[in-house]
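J.: attaching a predicted model along with its sequence, questions to come.
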Amino acid sequence: MSKTYGVFLRGINVGGIQIKMDALKAAFAEMGFSRVQTVLASGNVVATAPQGTQSREELKQLTEQALSARFGYEAYVILRDATETARLITAAQAVTVPPDTHQYILICDDAALPAELETLFDSTPHLPVEQFLQSGQDAMWLVPKGSTLASDFGSKVLGSKKYKSRLTSRNINTIEKVHHLLSAERG
């Protein structure tokens, strides 16, 4: 039986790479994914993997190559299943989020990356209420609203080519929406 994933695309509809969600949905269907749904316009797809896909890494490579060819950009995707998004939500709910603060999930494509990010966070000046927490294979970052890229940490991570292929960020509300669809698919 094929597995359903949340597929998080890095850097679309935020910095010059514009992809309409109906075109994205069609691209996933052409790759052989089924039950394709897009979530918001920031590059979130919930879909069931094509039949015969051998591994998550194979699926990632297939998706990145097809999206790069179709939309003419260097595509990076990270996959999470319902169990993984549930863990992120549980971890996020355990954190007290001050008012006027964004709660971001840094979805990492490298198991060593959360520790590397924590070291970077610890070495940079912080804005009031700014926090960083590891959460298994991913991480959580709290930052005052309106200060995402004004944060030393945010500008070093979100705007850096060094991390372009290794992480993407999503607001916790987006993770919850993706998880809701993943859970419905598990039924």
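T.: Received it, and whenever you're ready, just let me know what you need. Numbering: from 1, shown residues only.
J.: what are the buried residues along stretch 49-56?
T.: Using 16 or more other CB atoms under 10 Å as the test for burial, stretch 49-56 gives 49-50, 53. No exception for glycine: its C-beta is placed from N, CA and C like everyone else's.
J.: quick one, which of those has the minimum pLDDT?
T.: Least confident entry in those, by pLDDT: residue 53, with 74.
J.: doesn't it lie inside a helix?
T.: No - under DSSP: H, G, I helix; E, B strand; the rest coil, residue 53 sits outside any helix and is assigned coil.
J.: going forward can the numbers begin at 595, since that is how I track them
T.: All right, first residue 595 from here; so that's residue 647.
J.: give me the nearest residue to it, chain neighbours excluded.
T.: Sequence neighbours aside, residue 653 is the residue nearest to residue 647 in space, at 4.9 Å (criterion: CB to CB, 6 or more residues apart in numbering).
J.: report pLDDT for that neighbour.
T.: On pLDDT, residue 653 comes in at 93.
J.: who are the packing partners of the helix or strand containing it?
T.: Applying DSSP states H and E as the criterion places residue 653 in helix 650-665. Contacts defined by 3 or more CB pairs under 8 Å, 6 or more residues apart in numbering; DSSP states H and E place helix 650-665 against strand 598-603, helix 615-624, strand 671-674.
J.: if we use 7 Å, what do you get?
T.: Packed against helix 650-665, as judged by 3 or more CB pairs under 7 Å, 6 or more residues apart in numbering; DSSP states H and E, are the following elements: helix 615-624, strand 671-674.
J.: circling back to that earlier point, closest to residue 689 among the buried residues of stretch 643-650?
T.: Lowest distance from residue 689 to those (CB to CB) belongs to residue 643, with 31.4 Å.
J.: just checking, residue 625 touches residue 660?
T.: Yes - using CB atoms under 7 Å, residue 625 is in contact with residue 660, at 5.0 Å.
J.: give me the more crowded residue out of those two.
T.: Shown here are residue 625 and residue 660; by other CB atoms under 10 Å, residue 625 has more neighbours (19 against 16).
J.: still on that earlier bit, just name the most buried of the helices and strands packed on helix 650-665.
T.: Of all the helices and strands packed on helix 650-665, strand 671-674 carries the top mean neighbour count, a mean of 22, counting by mean count of other CB atoms under 10 Å.
J.: tell me the helices and strands packed up against it.
T.: strand 598-603, helix 650-665.
J.: and stretch 690-702, what's buried?
T.: 695-702.
J.: and stretch 738-746, by the same measure?
T.: By 16+ other CB under 10 Å, the buried positions in stretch 738-746 come out as 738, 741-742, 745.
J.: please apply the same query to stretch 655-673.
T.: Applying 16+ other CB under 10 Å to stretch 655-673 flags 656-658, 660-661, 664-665, 667, 669-673 as buried.
J.: same check, this time on stretch 747-760
T.: Buried residues in stretch 747-760, counted by 16+ other CB under 10 Å: 747-748, 750-752, 757, 759-760.
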